[in-house]
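A.B. asks: A structural model of the following input is requested.
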Amino acid sequence: MAVGRGARMWRFDAGRICLDLVATERAGGVPGTCEQLDGPVHLAQWLTGAGLVPPGTVLDALDGTWVARFHELRSDVSRLMAAQLDGPPADGALERVNSLASAAPPGPRAVRGADGVLVRALSAAPDCAGLLAAVARDAVDLLTDPVARAALRRCQGEACHRLYLDTSRGGRRRWCSGEVCGNRERVARHRRRTSGPAGASGPATPGADGPGEPGPAGPEKEIPPGVE
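C.D. replies: Sure thing, here's the model as predicted:
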């Protein structure tokens, strides 16, 4: 799922909220990546998009301190997931995430909206510690679930750093998203196959009996999944 925020899109398709949080960080050295939680406004948007607070929730207390604390949690979760993927141990990060997870997350309530339909609300105004606890608990659940742990992957797309849970049949999914990184690779593969040998002298001659030489590649277009 993607949620618009101006020129960018929040993505919530990693399979866990804690992994969606990690996906907001700037990947060191990866072109085109940027810090997505760069202030209180964007953090508030992310919290709503992730479902941690219902739409329309007033977050008057949200300030730069919240942003810094979510950055710290994000960094710790990133280290813990990297450790699961044969990275170095991250015992300090584990201790900090466990500590955050011990707080109480916001309590949910079912209330009737203006149209009489039940909608989700919170029992009290959410504070930073409670929202951090919700994400930290999600990370603890992932790390202690053998099935989820075994499904943890890092995207193999070029210049992509995203973590995700592979729930595909057979566990052979290679990309964080088939519509994004998967389609990008299919387009590149298609263009390589149709561009001909390097150094081709010019476009094919119309009406020639034999195979002509391909002309310049046209504009990039989307190749549907399964067209290889």
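
A.B. asks: The chain: strands as residue ranges?
C.D. replies: Using DSSP state E, the strands of the chain run over 2-5, 8-11, 108-112, 118-122, 152-154, 163-165.

A.B. asks: Mind checking those for the one nearest to residue 58?
C.D. replies: strand 118-122 (10.4 Å; CB to CB). Just so you know, the C-beta spots here come from the backbone N, C-alpha and C atoms, and that holds for glycine as well.

A.B. asks: Low-confidence regions, this structure specifically.
C.D. replies: The model of the chain has pLDDT under 70 over residues 1-9, 27-33, 177-180, 182-190, 192, 196-228.

A.B. asks: In it, which helix is the longest?
C.D. replies: Across the chain, the helix with the greatest residue count (assigned by DSSP state H) is helix 64-84.

A.B. asks: Using neighbour counts, pick out the buried residues of that helix.
C.D. replies: For helix 64-84, a neighbour-count test (16 or more other CB atoms under 10 Å) marks 66-67, 69-71, 73-74, 76-83 as buried.

A.B. asks: And stretch 157-167, by the same measure?
C.D. replies: 157, 160, 161, 162, 163, 164, 165, 166.

A.B. asks: Dump those residues to JSON lines, plus distance to residue 112.
C.D. replies: Shown next, in JSON lines, are those (distance: CB to CB, whole Å):
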{"residue": "157", "distance to residue 112": "44"}
{"residue": "160", "distance to residue 112": "43"}
{"residue": "161", "distance to residue 112": "43"}
{"residue": "162", "distance to residue 112": "38"}
{"residue": "163", "distance to residue 112": "38"}
{"residue": "164", "distance to residue 112": "36"}
{"residue": "165", "distance to residue 112": "35"}
{"residue": "166", "distance to residue 112": "39"}
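
A.B. asks: coming back round to it: buried deepest among the strands of the chain, which one?
C.D. replies: Stretch with highest mean neighbour count among those: strand 163-165 (a mean of 22; mean count of other CB atoms under 10 Å).

A.B. asks: name the helices or strands packed onto that strand?
C.D. replies: In terms of contacts (3 or more CB pairs under 8 Å, 6 or more residues apart in numbering; DSSP states H and E), strand 163-165 is packed against helix 17-22, strand 152-154.

A.B. asks: Pull the distance from that strand to the chain's centre.
C.D. replies: 8 Å (CA atoms, centre = their mean, to the nearest Å).

A.B. asks: ok, residues contacting it?
C.D. replies: 13-16, 19, 22-23, 78, 81, 142, 148, 151-155, 176 (CB atoms under 8 Å, 6 or more residues apart in numbering).

A.B. asks: Narrow those residues to just the buried residues.
C.D. replies: 13-16, 19, 22-23, 78, 81, 142, 151-153, 155, 176.

A.B. asks: Name the nearest of the buried residues of stretch 157-167 relative to residue 137.
C.D. replies: Nearest to residue 137, judged by CB to CB, of those is residue 165 at 16.4 Å.

A.B. asks: distance of the closest one from residue 26?
C.D. replies: As judged by CB to CB, to the nearest Å, residue 165 and residue 26 stand 22 Å apart.

A.B. asks: same question, residue 157
C.D. replies: According to CB to CB, residue 157 stands 17 Å off from residue 26.

A.B. asks: need the helices and strands packed on strand 163-165 in a markdown table with distance to residue 130, can you?
C.D. replies: Below are the helices and strands packed on strand 163-165 laid out as a markdown table (distance: least, CB to CB, whole Å):
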| stretch | distance to residue 130 |
| --- | --- |
| helix 17-22 | 14 |
| strand 152-154 | 26 |
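
A.B. asks: Relative to residue 111, which of those is closest?
C.D. replies: Minimum separation from residue 111 across the helices and strands packed on strand 163-165 (CB to CB) falls at helix 17-22, 22.8 Å.

A.B. asks: Nice, that's everything, thank you.
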